[in-house]
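Undergrad: Here you go, sequence then predicted model.
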Amino acid sequence: MYILDYLVHLVSQAQAQAPRQMLELAMRAIAIDLGARSCRLFIQKSGEELVSSESFGVEAGVEPADAAQRVAHEALLNVLPSSADTPAGSWRAVPLVSRARRLGALVIERPAREQPFTEQELSRFSAVASRVVDLLESASLIEVLKGTPGSLPVDAAPSSRTSGEEILEGVAASPGIAMGVVSFRHAFPSELARRELARGDAPGERERLRDALQKTENDLLRMQASAASELGEEQALIFGAHLLLLRDPILLEKIEVGIGGGLPAAAAADDAFAEIAGRLRQVRDPYLQERAEDVEDLRSRVLGHLIEVEGEAARPGHVVVSPHTSPSIVMELKVLGATGVASEHGGTTSHGALLARALGVPAVVGVGGLLSRVRADDVLVVDGDEGRVILRPSPDTLRDYTSRVAAEAQKRTEFSRYRSLPSRTADDVPFRLEANVALGVDLGVAVTNGAEGVGLYRTEFAFIAHDGVPSRDEQVRIYAKAYAAFPDRPISFRILDLAGDKFLPIGGLRVAHSAFHGYRSIRVLFDYPHILRDQVQAFALAANGRPLRILVPMVSSLEELQRVKQLTLSALAQLPNQANISTPSFGAMIEVPAAVEIVSDVATEVDFFSIGTNDLIQYSLVVDREDPRLSSPHHAFHPAILRMIQRVTATAHAAAKEVCVCGEIAARPEVAIALVALGVDTLSLTPRAIPELKQRLSQVTLEPLRVDLERLLSTRTTAEMEQSLRSYLLHHTAAGAKLVS
């Protein structure tokens with residue numbers, strides 16, 4: 001009987017055999033099949049200790065050689081095959097891994113005087129190792145391995161550098177704190193695809209492939225329908241992009257070539273997905289590199305159907321650990337009630353990270369070595385605020401994080417009382433709080449938190465999720481939801497702003513990969529006027545006769561602004577039924593120093609202004625907000641920034657134009673009170689921050705700061721400005737009011 005079939009037979013008979021006898025039979029059969037002098041099983045204990053029993057070799061009673069121990073340790077440490085050649089023999093080892101659990105290593109030896117192992121033999125050895133994993137994981141054996149009498153000396157949990165608390169640093173992808181027992185998703189290694197022989201000839205394998213692809217497509221269609229109904233059109237577009245990749249003829253051709261060459265369908269599919277993902281990771285652009293996550297997600301789904309291995313589903317109260325934070329994983333954990341997600345790879349602009357932020361799911365990505373250090377039953381803390389994962393937290397750490405979660409919940413309860421109250425300072429000065437929106441799901445959050453409209457609708461996500469240009473009709477459905485959420489409130493749609501951190505692989509459409517390059521935003525759209533045309537027409541059709549406010553991003557000259565207006569009005573004039581087409585109000589985004597200098601000229605062309613402080617800080621201070629070496633929360637207090645805001649506001653008001661600040665600094669109470677004192681009419685911020693900011697400003701008297709503005713603006717350093725505003729907030733908060741930092 002062929003060795004793989006024999007091992008399958010042993011697995012099927014696991015309940016009837018003693019574990020040690022079953023493993024001994026397996027090791028001897030493997031050694032005979034591969035023509036090895038010995039085959040040894042090294043089993044992982046807690047920590048890094050490897051244990052071997054001499055009875056598992058062909059030459060029973062022979063102690064394991066140092067070379068065998070060394071290659072077994074190296075294989076297990078790196079989760080890759082390893083080898084060693086000594087005067088006595090040639091040693092080869094493969095790791096035994098299951099869903100990030102390191103079970104041990106399999107080692108074979110051939111005497112030095114004989115021919116070395118061939119590539120074909122080593123390939124078969126890897127396939128054999130996968131079947132040994134099955135043996136180790138059979139129900140009766142696992143029960144014995146957990147410590148019952150006569151068991152093998154093994155701990156079936158994965159290896160870890162330490163049995164105590166361990167802190168792993170990553171990248172904060174979505175804020176919040178999640179605590180729970182780990183659930184693995186898509187964490188099985190590629191070796192699983194090599195477990196089985198082809199179950200027949202090439203036609204049979206092609207049929208199995210078609211069946212797996214159809215099941216995968218059905219999964220994606222269900223996920224897409226759920227996203228569209230529960231979360232919004234943008235999330236549905238994510239899975240549309242997955243479906244396009246699944247049907248890609250290049251991918252299908254690569255799998256066909258593998259099957260035609262004699263590979264089983266699973267191995268052929270694994271090779272094809274690996275090649276495409278590898279090519280994406282070699283591209284210099286970070287956005288395209290992160291698209292490899294989509295490929296890996298599809299790979300896991302297709303292989304799951306081909307080899308009939310179901311990943312462990314996320315469960316309520318669990319934290320999901322995965323190689324990548326893919327959109328489908330985020331969707332699944334949200335539906336199933338898992339509390340957070342941590343992944344070994346990925347970036348903050350990946351689809352999954354964007355979706356996690358939109359859904360309020362705490363997430364940390366880019367946690368190096370995560371899968372190799374997490375045990376299947378570990379408790380994890382995902383700190384999406386600080387970008388770290390705590391494995392096996394100590395009782396003190398759990399108490400600290402539990403207290404933080406409780407404090408945040410108490411703050412949210414306290415802030416929620418202010419959602420429906422008017423936005424006024426303690427001395428009755430009114431201001432407006434609107435929401436920054438990027439996703440349909442943000443609209444519901446904005447309404448719930450008492451937003452007075454949408455100050456900035458970032459339209460890029462639908463394009464990013466689509467991995468291309470969504471149709472005009474798709475855009476209409478997306479933008480119409482804003483009017484459904486805010487039927488009587490202002491909504492300001494920003495024209496598509498393509499930048500280095502929002503790169504789109506659309507045909508020949510390319511933008512500069514550096515945020516400091518000038519080829520971005522409206523300058524890109526001048527070269528692709530059909531994209532601008534479809535988008536502004538979608539704005540108007542979604543408005544359906546209601547007020548339409550269009551924000552022009554990255555204004556740097558009067559000529560560019562006038563050209564955008566001309567193209568927009570021309571596009572709207574092409575629409576039929578002009579009776580339902582609103583005449584738009586135009587707004588100019590002030591995001592570069594040049595725009596600050598020409599505000600009085602721009603005011604003759606627009607109806608309102610929006611100051612985008614994220615980019616204004618970046619371009620004025622020559623810093624990169626995506627680079628942790630240069631980005632700093634203290635930049636909001638730079639005297640030049642506040643002076644520019646004051647100049648823009650004063651000039652705009654002189655022309656009877658309103659001013660909104662829509663950057664992240666608007667959510668910070670000590671800066672927000674200064675913005676209101678400077679005369680800014682509206683603050684637009686992330687929806688969940690609105691109640692807290694309203695509460696804080698409602699307790700602060702504004703008039704003393706207005707009187708003292710000249711002195712404030714003459715402050716010379718960032719540190720002095722920050723100290724001055726923090727001190728003002730502290731000393732001019734109404735008596736008895738509770739400050740929440």
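TA: Nice, I can see it. Numbering: from 1, shown residues only.
Undergrad: following the worst-scoring helix or strand of the chain on mean pLDDT, which helix or strand shows up next?
TA: Sorted by mean pLDDT, DSSP states H and E, the helices and strands of the chain end with helix 139-145, the least confident at a mean of 37. Next in sequence after helix 139-145, counting helices and strands by DSSP states H and E, comes strand 166-169.
Undergrad: which outside residues touch the next helix or strand after that following strand?
TA: Using DSSP H and E, the helix or strand that follows strand 166-169 in sequence is strand 171-174. By CB atoms under 8 Å, 6 or more residues apart in numbering, the residues outside strand 171-174 that reach it are 325, 346-348, 350, 353, 356-357, 360-366, 383-387. From N, CA and C alone the C-beta is placed, and that goes for glycine too.
Undergrad: Could you tell me which of those are located in helices?
TA: Ala353, Ala356, Arg357 (DSSP state H).
Undergrad: quick one, what contacts the first one?
TA: If I follow you right, that is Ala353. Taking CB under 8 Å, 6+ apart, we find Ala353 in contact with Ala173, Ser174, Thr325, Gly346, Gly347, Ala363, Val365.
Undergrad: Most neighbours of all the residues you listed, which one?
TA: Thr325 (34 neighbours; other CB atoms under 10 Å).
Undergrad: Could you give the backbone dihedrals for that one?
TA: In terms of degrees, to the nearest 10, the main-chain angles of Thr325 are phi -90, psi 80.
Undergrad: helix/strand/coil for the most far-flung residue of the chain relative to its centre?
TA: Outermost residue of the chain with respect to the C-alpha centroid, by CA atoms, centre = their mean, is Arg113; its distance is 53.0 Å. Judged by DSSP: H, G, I helix; E, B strand; the rest coil, the three-state class of Arg113 is coil.
Undergrad: Also the one 3 residues further on?
TA: Using three-state DSSP as the criterion, the local structure at Pro116 reads coil.
Undergrad: For it, which residues are in contact?
TA: Counting by CB under 8 Å, 6+ apart, Pro116 makes contact with Ser90, Arg110.
Undergrad: State the pair within the contacts of Ala353 that is farthest apart.
TA: Maximum pairwise distance among the contacts of Ala353 (CB to CB): 12.4 Å, between Ser174 and Gly347.
Undergrad: still on that earlier bit, what separates the residue farthest from the centre of the chain from Val94, distance-wise?
TA: Arg113 is 24 Å from Val94, where distance means CB to CB, to the nearest Å.
Undergrad: likewise Asp383?
TA: 36 Å.
Undergrad: swap in Thr339?
TA: With the distance defined as CB to CB, Thr339 ends up 36 Å from Val94.
Undergrad: Please apply the same query to Ile641.
TA: Ile641 is 58 Å from Val94, where distance means CB to CB.
Undergrad: Please say which of the two ends up with more neighbours.
TA: Val94 (26 against 22).
Undergrad: Mind jotting down where the helices sit in the stretch 201-350 of the chain?
TA: 202-230, 233-246, 249-260, 265-282, 286-290, 292-306, 327-336 (DSSP state H, counting those that start in this stretch).
Undergrad: quick check, distance from the fourth one to the centre of its chain.
TA: This means helix 265-282. Relative to the centre of its chain, helix 265-282 is centred 21 Å away, using CA atoms, centre = their mean, to the nearest Å.
Undergrad: circling back: let me have the ones in helices among the contacts of strand 171-174 in CSV, extended by pLDDT and distance to Val321.
TA: Output for the ones in helices among the contacts of strand 171-174, formatted as CSV (pLDDT from 0 to 100; distance: CB to CB, whole Å):
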residue, pLDDT, distance to Val321
Ala353, 74, 15
Ala356, 78, 14
Arg357, 74, 19
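Undergrad: will you turn these into JSON lines that also has distance to Gly304?
TA: Listed next are the ones in helices among the contacts of strand 171-174 as JSON lines, based on distance: CB to CB, whole Å:
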{"residue": "Ala353", "distance to Gly304": "23"}
{"residue": "Ala356", "distance to Gly304": "22"}
{"residue": "Arg357", "distance to Gly304": "27"}
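Undergrad: of the residues you listed, closest to Met721?
TA: Using CB to CB, these come closest to Met721 at Arg357, 29.7 Å.
Undergrad: Skipping adjacent residues, who's closest to that closest one in space?
TA: Ser174 (4.4 Å; CB to CB, 6 or more residues apart in numbering).
Undergrad: what about the one you found, distance to Val405?
TA: The span separating Ser174 from Val405 equals 15 Å under the rule CB to CB.
Undergrad: Can you verify Ser126 is assigned to a helix?
TA: Yes: judged by three-state DSSP, Ser126 forms part of a helix.
Undergrad: Is the residue lying closest to it once chain neighbours are set aside part of a helix or strand, or is it coil?
TA: Excluding its sequence neighbours, the residue lying closest to Ser126 (CB to CB, 6+ apart) is Val94, at 5.4 Å. Per three-state DSSP, the secondary structure class of Val94 is strand.
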